[in-house]
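> Give me the fold of what follows.
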Amino acid sequence: KRFSIDKLKIDRSFIKDLADDRNDLAIASAIVAMANALDIAVQAEGVENDAQLALLKTIGCGSWQGYSCSPPVPPIDFEQRFLLEGFSA
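Have a look, this model is predicted:
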């Protein structure tokens, strides 16, 4: 079967305690494995620290957003940052 889904997002409620809660890690791992098996992109939301990011990379999550990448910024700052640094995940 093909699904009309192009991305699965892992809610921050599963990311928050990822390093300390084996159930959250199991759920995130299962989501990533299923998405990868179905060729669906997966993105973790609310990634706030290096420990969370390291675990996500270990389980094969290729996309994330949150304070580990950048705190919220005003639009003008985003534009300047984008123009200077380019876009990368």
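> Work out for me the element residue 77 sits within.
Using DSSP states H and E, residue 77 sits within helix 75-85.
> As a check, name the ranges of all helices in the protein.
With DSSP state H as the criterion, the chain has helices at 12-15, 22-37, 50-58, 75-85.
> shaky segments in this protein?
Within the chain, the segments meeting pLDDT under 70 span 86-89.
> mind putting the helices of the chain in TSV, distance to residue 5 included?
C-betas here are computed from N, CA, C, even on glycine. Shown next, in TSV, are these (distance: least, C-beta to C-beta, whole Å):
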stretch	distance to residue 5
helix 12-15	18
helix 22-37	9
helix 50-58	20
helix 75-85	27
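> winner for burial among these?
helix 12-15 (a mean of 18; mean count of other C-beta atoms under 10 Å).
> who's in contact with that one?
Contacting residues not belonging to helix 12-15 are listed as 24, 27, 28, 31, 44, 45, 46, 47, 48, 52, 56, 66 [C-beta atoms under 8 Å, 6 or more residues apart in numbering].
> and the second one, what is it in contact with?
With contacts taken as C-beta under 8 Å, 6+ apart, residue 27 has the following neighbours: residue 14.
> where's it relative to residue 11, distance?
Distance, residue 27 to residue 11, using C-beta to C-beta, to the nearest Å: 10 Å.
> Same question for the fourth one.
Going from residue 31 to residue 11 by C-beta to C-beta gives 10 Å.
> and what of the fifth one?
Distance of residue 44 to residue 11, given as C-beta to C-beta: 9 Å.
> who has more neighbours, the two?
residue 44 (28 against 13; other C-beta atoms under 10 Å).
> Identify the bridge partners of the more buried one.
residue 10, residue 64 (DSSP bridges).
> how much space is there between residue 68 and residue 12?
For residue 68, the distance to residue 12 equals 12 Å [C-beta to C-beta].
> repeat for residue 46
Distance from residue 46 to residue 12, by C-beta to C-beta: 2 Å.
> Need the overlap of contacts for those two.
Common contacts of residue 46 and residue 12, defined by C-beta under 8 Å, 6+ apart, comprise residue 66.
> can I assume residue 59 is in contact with residue 28?
Yes - applying C-beta atoms under 8 Å, one finds residue 59 in contact with residue 28, separated by 6.3 Å.
> No further questions, thank you.
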